[in-house]
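# Got a sequence here, can you build the structure:
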Amino acid sequence: MPKLVRFGISLEKELLAKFDKHISKKKYQNRSEAIRDLIREEIVKTEWLKDKEVAGTITLVYDHHKRELINKLTDIQHDFHELIISTQHIHLDHDNCLEIIAVKSKPKEAQKLADTLKSIKGVKHETLSMSSTGKEII
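Sure thing, here's the model as predicted:
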């Protein structure tokens with residue numbers, strides 16, 4: 001386990017009260033864990049900005065009745081096969097599917113794949129969720 005270091009922090013009383021409400025809603029055990037998560041979140045953002053290798057997910061919702069849509073999505077994924085770690089296909093209802101695509105790549109490549117998939121007619125919604133390979137995070 002990494003060595004822990006204690007340090008002090010000064011905050012306005014009102015800001016601390018808002019932070020305490022936030023950590024209570026998020027079910028943190030204590031302020032330290034909440035602050036650690038905030039720091040980790042900033043480190044992940046930095047990884048994405050510095051064009052380091054990252055991991056993430058692309059989530060698509062689409063109408064599976066749209067002609068040729070599934071073939072187009074599959075063709076695009078094959079064009080970007082070196083980025084894609086895994087995919088999961090979920091039937092939401094009779095008309096809609098959810099696809100989750102796990103990627104590991106440079107941020108610009110992941111964004112390019114997400115944008116390419118989003119631009120296909122029949123895709124109703126797309127999100128790219130940023131995460132980390134974990135190499136830079138303790």
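# And stretch 80-95, what's buried?
Buried residues in stretch 80-95, counted by 16 or more other CB atoms under 10 Å: Phe80, Leu83, Ile84, Thr87. To be clear about C-beta, it is placed using only N, CA and C from the backbone, and glycine gets the same treatment.
# Find the nearest non-adjacent residue to the first one, please.
Put plainly, it is Phe80. Counting by CB to CB, 6 or more residues apart in numbering, Phe80 lies nearest to Leu113, which is 4.6 Å off, once chain neighbours are set aside.
# Repeat that for the last one.
By the measure of CB to CB, 6+ apart, the closest residue to Thr87 outside its immediate chain neighbours is Ile101, 5.0 Å from it.
# Just after the host helix or strand of that neighbour, pick out the following helix or strand.
Assessed by DSSP states H and E, Ile101 sits inside strand 96-105. Note on strand 96-105: by DSSP H and E, the next helix or strand toward the C-terminus is helix 107-118.
# the domain parsing of the protein - what is it?
13-49, 54-130 (automatic domain parsing).
# If you count neighbours, what's buried in the first one?
Right, the one you point to is domain 13-49. Ile23, Tyr28, Ala34, Val44, Glu47, Trp48.
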